[in-house]
Every structure is written in C-alpha cells, then in structure tokens.
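> Quick one, what's the 3D model for this:
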Amino acid sequence: MDVCLSHLTAFRLLMRSSNEKPGRKTLASHTHVPLSAPPNSFVAALKSELNATGPLDVLVSSANGKRNDQVTVSHVASRPLPAGSFRRTKFPSGAIACVCSPELVFLQLASTYTVDEAIYFGFALCSSYRIDAASKGGVAHREGADKPLTSARQLAAFLDAVPGMRGCAKARRALAFVKDGARSPMESALAMGYGLPTRLGGFNVGKVALNQAVRVTSGATSEGTRYATRIPDLTITARGKDGIERNVLLDYDADAVHATRAGLARDARRRNQLATIDSAAYISMSTDQALEYRSYADVAEQIRIALKRPRTPKVSLASSNPAAVERYEQANARRIEFWKKHVCFSDFRKLERF
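Have a look, this model is predicted:
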C-alpha cells in the first residue's frame with residue numbers, strides 16, 4: 001500500500017464510512033506503514049476520490065520519508081504499535097490505503113488538540129452515527145451491521161497497550177469523560193456541556209448517559225395500562241443536596257429532523273409518555289434553544305433545580321464577595337467559549353467533514 005492515512009484525515013474517513021464487517025479490514029502490525037509519504041500524484045487522486053480539501057494526514061515509518069506541503073502532512077510512527085492498529089480500505093477506484101484504527105486516531109488527535117476537543121473526538125468515535133450529507137441533518141444512524149467504530153472501553157484498552165506514547169496522558173484525561181452511544185454531534189455536545197466540570201467549560205450538573213431505554217405509560221386497554229419503551233437522548237443522574245438520587249431526561253429535537261407535521265406529532269406523543277415517569281423530570285430542547293447561549297444556560301439551570309444540585313460555582317453574582325463574583329464570571333466565560341466551540345457549528349465542528 002502506498003499510503004497510511006492518519007490523524008484528522010483518518011478521523012474524517014472513519015466518521016463517514018460504514019463499519020460493517022470491521023474484522024476483515026484489520027491489519028496485523030505497523031509494518032504496513034510506508035517508509036515515506038506517497039507521490040503527490042497519488043495524493044491528488046485520493047483527495048479527488050474523497051472530495052477532500054486541504055492536505056491529507058499520512059503516517060510514515062521513517063523521519064527521512066516525511067514530506068509536508070500543500071497536499072500532504074506527514075507524521076512519523078515512532079514505535080511499534082499493537083496488532084489491529086490499522087485497517088485496510090479499498091476505494092471505488094480500486095486504490096487501497098492503510099487507515100489508522102479508531103483507537104489510534106483518538107490517541108493521535110489527543111496529542112494534537114486540547115482536552116475538551118479530544119473528548120469531543122472520543123464521543124464521535126464511540127457514537128452511533130456517521131457523517132452523511134445525503135441524510136437529514138447531515139448524519140445517519142449506525143444500525144444493523146453498521147456498528148459503532150469503537151467504545152470507551154476499547155479506547156482504554158488501547159491506551160493500556162501503549163503506555164508512555166506521545167499524547168497518552170492527555171488521552172487518558174479526555175477518556176475519563178467520553179461516553180458511548182451518541183446519535184448526533186449535538187447530543188455529544190450537550191452531554192459534554194451539561195456533564196463536564198466547570199474547568200472544562202461544563203455545567204457539571206450530574207452524570208450523563210446517552211440513549212438509555214426507559215419504560216413509559218403509552219395508554220390503557222380493557223386489560224389495564226399499556227406500556228412502551230422510549231429512549232431519551234440524555235439521562236442525567238445526580239444526588240441532590242438532600243442525598244436523594246434523581247434523574248432528568250433530556251431530548252434534543254433538531255429542526256432538520258423534527259420540524260415536520262409528523263415529527264411534531266411524534267415528539268408530542270413522546271413528551272406526554274415520558275412525562276408519566278414519576279422518577280424523572282423531562283425536558284425537551286430545540287435547535288433555537290441550543291444555539292442561543294442564554295437558553296442553553298437556562299436548560300442547565302432547570303436540570304440543576306430538578307436534581308436539587310448546588311450551583312457551581314457555589315455563589316452567584318448576587319454575592320458581595322468580589323472573589324466569589326470573579327470565580328462566577330470566569331466559570332461563565334469558560335462555558336460561553338465551550339458553547340461557541342462545541343454546541344455551535346464552529347470552525348472546530350467543521351473539522352468533522354472533508
């Protein structure tokens with residue numbers, strides 16, 4: 001093979017590819033990494049097939065084989081890697097490429113980007129969606145044989161196998177917050193925004209899980225109550241100030257998917273059913289709410305109140321303590337920056353796509 005795709009290029013390719021029969025694509029060892037970057041003519045043809053702009057990230061096994069220019073950015077594989085670190089991919093044109101595995105890509109991106117960005121990449125790699133411009137909202141659900149690319153557990157196992165490798169420590173810090181099962185980029189962003197600690201720009205309202213099934217009341221028959229299973233986007237769990245554990249169920253209703261007559265009716269039925277759960281509060285959120293910071297922050301406050309959690313930082317702007325006010329303002333500034341980067345369709349979010 002003439003090329004091994006890595007880093008952001010491999011991430012983009014993985015995120016838009018079906019993951020059916022992944023075992024057939026696995027390569028045994030790092031000997032598949034070429035000594036040097038491929039010729040520009042090969043890269044140009046591959047970029048055209050991928051419909052990619054900008055240079056492609058490639059992995060080489062020798063520093064002497066690096067080439068960085070307008071079409072190629074080279075990265076050196078500085079040490080042997082575990083079996084399964086690479087996949088063989090065949091393109092419609094017949095070109096064959098080595099592609100870094102999702103686990104190796106996570107480590108590569110963690111070594112390059114900030115911790116909060118690495119967390120977002122981790123959510124995406126462990127998600128149940130893929131990027132698909134032809135689908136509503138630009139994403140398609142991975143279903144049936146199209147399994148998630150990896151999982152938080154698999155990422156952890158890979159990091160255990162490469163101790164001391166560049167980026168490993170930061171990847172572990174990021175992985176502590178990565179969750180499986182997001183069904184859209186916005187679900188990932190909201191799970192991070194409401195679950196991450198304040199230092200990373202989150203509201204830290206509780207422990208977040210994605211797409212967990214719950215049993216709801218759907219109606220009644222002559223034989224009694226009828227039940228159904230519903231899957232809210234986020235389940236947020238925390239112990240309140242009184243020590244009691246509570247749950248909040250949050251649904252994100254994207255305009256691109258839900259803003260039709262049938263979609264609105266379906267959402268109304270789901271809201272009514274989820275409202276019957278005594279053990280959890282239910283909140284729904286629209287695209288407009290997510291993309292307006294005050295509304296996004298208001299939802300965090302509503303979750304906090306439903307869970308009976310203390311506000312973080314613990315004092316508000318009403319305090320007469322200047323140091324406390326400064327802590328609050330600093331926390332709010334971090335949350336705004338997080339929201340701009342991860343919840344809004346920022347330049348960072350555009351990295352998901354070629």
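> Would you state the helices of the stretch 51-200 of the chain in chain order?
With DSSP state H, counting those that start in this stretch applied, the stretch 51-200 of the chain shows helices at 102-112, 115-125, 152-161, 168-175, 185-195, listed in chain order.
> Could you pull out the buried residues of the third one?
Spelled out, it's helix 152-161. For helix 152-161, a neighbour-count test (16 or more other CB atoms under 10 Å) marks 152, 154-156, 158-159 as buried. Yep, even glycine has a C-beta here, placed from its N, CA and C like the rest.
> tally of neighbours for residue 211?
16 (other CB atoms under 10 Å).
> So, low pLDDT: which residues of the protein?
Residue ranges of the chain with pLDDT under 70: 1, 21-32, 216-228, 255-279, 314-320.
> Go again with 80.
1-2, 20-32, 78, 92-95, 215-229, 255-279, 312-321, 324 (pLDDT under 80).
> The spatially most central residue of it and residue 8: what is the separation?
Centroid-nearest residue in the chain: residue 123, 2.6 Å away (criterion: CA atoms, centre = their mean). For residue 123, the distance to residue 8 equals 16 Å [CB to CB, to the nearest Å].
> what's the spacing between residue 339 and residue 149?
From residue 339 to residue 149 the distance is 26 Å (CB to CB).
> Between those two, which has more neighbouring residues?
A direct count of neighbours by other CB under 10 Å for residue 339 and residue 149 places residue 149 higher, at 24 against 20.
> Wait, that one touches residue 126, no?
Yes - if you go by CB atoms under 8 Å, residue 149 and residue 126 touch, sitting 7.3 Å apart.
> need the contact list for the residue lying closest to residue 295 once chain neighbours are set aside.
Nearest residue to residue 295, sequence neighbours excluded (CB to CB, 6 or more residues apart in numbering): residue 289, at 4.0 Å. Residues counted as contacts of residue 289 (CB atoms under 8 Å, 6 or more residues apart in numbering) are 295-296, 298-299.
> Helices - which of these land there?
295-296, 298-299 (DSSP state H).
> any idea which of those is closest to residue 192?
residue 296 (12.2 Å; CB to CB).
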